[in-house]
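Participant: Model the following, please.
(2 chains)
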Amino acid sequence: MDSRRLFSGSISFKDIHPAVLIAAVFLLAYPSFATDFFIFQIGAYSLILGTIALSLMMLAGYGGMVSLAQLTVAGFAAYLMAILGENSMDVMGLGWPWWLTVIVSVLGAALFSTFIGAVSVRTEGIYTIMITLAVAVAFFYFVRQNYVLFNGFTGFAGVEPPTLFGIYWRDPVPFYYLSLTVAIGFFAAVYYCAQSTYGLGLQAIRDNPRRMRALGFNVTLHRIVAYFFAGIIAGFGGVLLVWFNGRVSPGTVGVDVAIDILVIAVVGGMRHPIGPFLGAIAFVLLENFAIDLIDRERFNMVIGTAFLLVVLFSPDGLLGLWNRFRDRLRFRGNALLGDERVNKDGPASTGSLEKTE
Amino acid sequence: MRNFVERHTFWAIVLLLVAVIFLWMIFAVWPDWLVDALGRKKTFVNTLLNGVTLGGLYFLVASGFTLIFGLMRNVNLAHGSMYLLGAYIGYEVADLTGNWFLGLAAAFISVAISGVLLQVLIFRRMANDDLRQTLVTIGISIIAADAMLAIWTGTTYQFSPPDWLFGAANLPIISVIKSSGAAVYIKYPVFRLVVLVIAVAVGISLWIFLNRTRIGMMIRAGVNDREMLAATGVNVQLVFVLVFAIGAGLAGFAGVIGGTALSVAPGEDIRYLLASLVVVIVGGLGSITGAAIGALIIGLAEQFGLAYFPTYGVVLTFLIMVVVLAVRPQGLMGGR
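Facilitator: Just a heads-up that it's a prediction; the model follows:
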């Protein structure tokens, strides 16, 4: 099982799957053959959405806490960027230097996420969805009503990344690499975190909080720290999002978008950090090309149906489909080649353990 | 009640004092210093009534939500869509037949049927997996919102209820006494009072249904221990279907009531879903009494927030939720 190797601890160079190398080369070389539209609107946007969904995947997949407020956290960072940095709306726009704005926005988002976590971890399971959804909706209505800080219905426009080293970072290619760096950085961080002591503790808490409490682990603290980390990821996602759009408004943090993030994570799969990115690519491709198949207005119908089908028939998302497909292939292969094949499958697989006994 | 007074004497006294102050503020003619501090009495009384009637509406929506959760542990996030669906169907039927009450009945029945279909076709297949059930309801609400937008477009609809339900009534509450000595009474729309009456009636009948009938007894038993109830020979699936029908039907019913008191437009589904969520989080999931108390608190908080500090109104609602979660994570009336 792939998942078992994932949690087994040490990583060595040999463990890197050839598919990872191919994917890395593809991602790095992508701008050299794609058009600007594909680099910016498809590539960078998928990476941003994937990053935000990654924060949800980390909470839900490893912590068992399905939070619908991760987009709200990202949106909070985006709003902070507009409020603390510069915008073209004559409301707020304190004009802080860009690096300070980014740091404060991300930290602010992380604190906001921690706060949401502190509120919601007091209850368990299904309550988390309800509380975080309530937070998301309340934040949406709040920014829409509040004109003093958040400029109400219009929101902010003219939020731009800085020009650094002579590069304007909103140009497609630099922005793509910027998003890629952030996305891969957090992907690796989450991947590593899952194998760290903390990550293992978090997963154990997901599986059996009562036993972990009895073993002396501080369950509440583990969960709140998870919200803090997820907040940092979502915060960076929010910073990229506001640079991508150039603007932020209540529509950015709307409930439908928050649910889109959940759709992305669920459709991609919540068992592995690659899931959210797969989901994001599928989502963005659908969003851009569903027009050819169906009326633009009915996009939500398509995405809703896709989501429903995934939840109904493949709870682990696209990753689950792939795993099932591979297991079936391997099973067939084993049957053909005989039992020795199972032994070569690495020390972690249950097949070989049974053989050595 | 007596139990509460004996156990929490201090809080009982505080509550009593608050009630007395409120009653005085409602019926007395305000002295000048109070007008200076809070604005005109008319605003205050209207806000109070708005809050209470809105609370009534929220109770209608949230009671179905909490009823379904209480028995099936199913957080039905499509509840807002059921509200909106009921409103649209009610509007169509009322518009066709010219009879508002027929619209009300049609909304209740058709949304109840949709609830039964959901339960039979989908939720029954994934019992004991509440996260998946919740995700499914999210998917359904996305599709439903889009389908309703396609059918009824983005237009705002307004019901036309019978004339005797419309218009304004003079309440026996004096707003100000003019210099000539004539008293000015406060006027209030009749229909909003009707909403309150209906909410109270629905609340009482739900209470009687749950506490005084045989089926209600089964439902309460199912809330406590589903397997044991099944073991005693009750067809639990049938009870589930019934409860889902009632819960969904109440959402559709509330759709027509709320649509008449306010209006029907896309986006209302999210609004009432939020209201139901906050109401049941504050009141305690699964408790009808909790839903009533939560609805009253949230309705009042929303209207007072809107009237006295408009830009931060939502924060007030949210703060109440946070405080309740911090002090009593299971909600005011929620049991463990």
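
Participant: For the stretch 151-300 of chain B, what lies in contact range of chain A?
Facilitator: Residues of the stretch 151-300 of chain B lying close to chain A by C-beta under 8 Å from any C-beta of the partner chain are B:270, B:273-274, B:277-278, B:280-281, B:285. Where you see a C-beta, it was placed from the backbone N, CA and C, and this is true even at glycine.

Participant: Would you point out the most distant pair within those residues?
Facilitator: B:270 and B:285 (19.8 Å; C-beta to C-beta).

Participant: if we can go back for a sec, so which of the residues of the stretch 151-300 of chain B next to chain A is the closest to residue A:257?
Facilitator: Comparing these against residue A:257 with C-beta to C-beta places residue B:270 closest, at 12.0 Å.

Participant: Sketch out the low-pLDDT regions of the chain for me.
Facilitator: No chain in the question, so chain A it is. A:1-16, A:90, A:92, A:124-125, A:166, A:294-296, A:331-357 (pLDDT under 70).

Participant: my bad, chain B
Facilitator: In chain B (pLDDT under 70), the answer is B:1-2, B:175-176, B:178, B:335-336.

Participant: tell me the strands in it, going along the chain?
Facilitator: Ranges of strands in chain B, per DSSP state E, are B:168-177, B:183-189.

Participant: hey, which of these is tucked in deepest?
Facilitator: Ranked by mean neighbour count, the strands of chain B are led by strand B:183-189 with a mean of 15 (mean count of other C-beta atoms under 10 Å in any protein chain shown).

Participant: and that strand, how far from the chain's centre?
Facilitator: 26 Å (C-alpha atoms, centre = their mean, to the nearest Å).

Participant: residues in contact with that strand?
Facilitator: Strand B:183-189 is contacted by residues B:42, B:45-46, B:49, B:166-178 when judged by C-beta atoms under 8 Å, 6 or more residues apart in numbering or on different chains.

Participant: Does residue A:154 belong to a helix, a strand or coil?
Facilitator: At residue A:154 the chain is in coil, as set by DSSP: H, G, I helix; E, B strand; the rest coil.

Participant: what's the neighbour count on the closest residue to it other than its chain neighbours?
Facilitator: Nearest non-adjacent residue to residue A:154, counting by C-beta to C-beta, 6 or more residues apart in numbering or on different chains: residue A:249, 6.4 Å away. Residue A:249 has 22 neighbours, counted by other C-beta atoms under 10 Å in any protein chain shown.

Participant: ok, residue A:249 - contacts?
Facilitator: A:153-156.

Participant: Most neighbours among those, which one is it?
Facilitator: residue A:156 (26 neighbours).

Participant: What number of residues are in the vicinity of residue B:10?
Facilitator: Around residue B:10 there are 7 residues (other C-beta under 10 Å).

Participant: how close does the closest residue to residue B:115 other than its chain neighbours sit to residue B:118?
Facilitator: Distances taken as C-beta to C-beta, 6+ apart place residue B:248 nearest to residue B:115, at 2.6 Å, with adjacent residues excluded. From residue B:248 across to residue B:118, the span is 8 Å (C-beta to C-beta, to the nearest Å).
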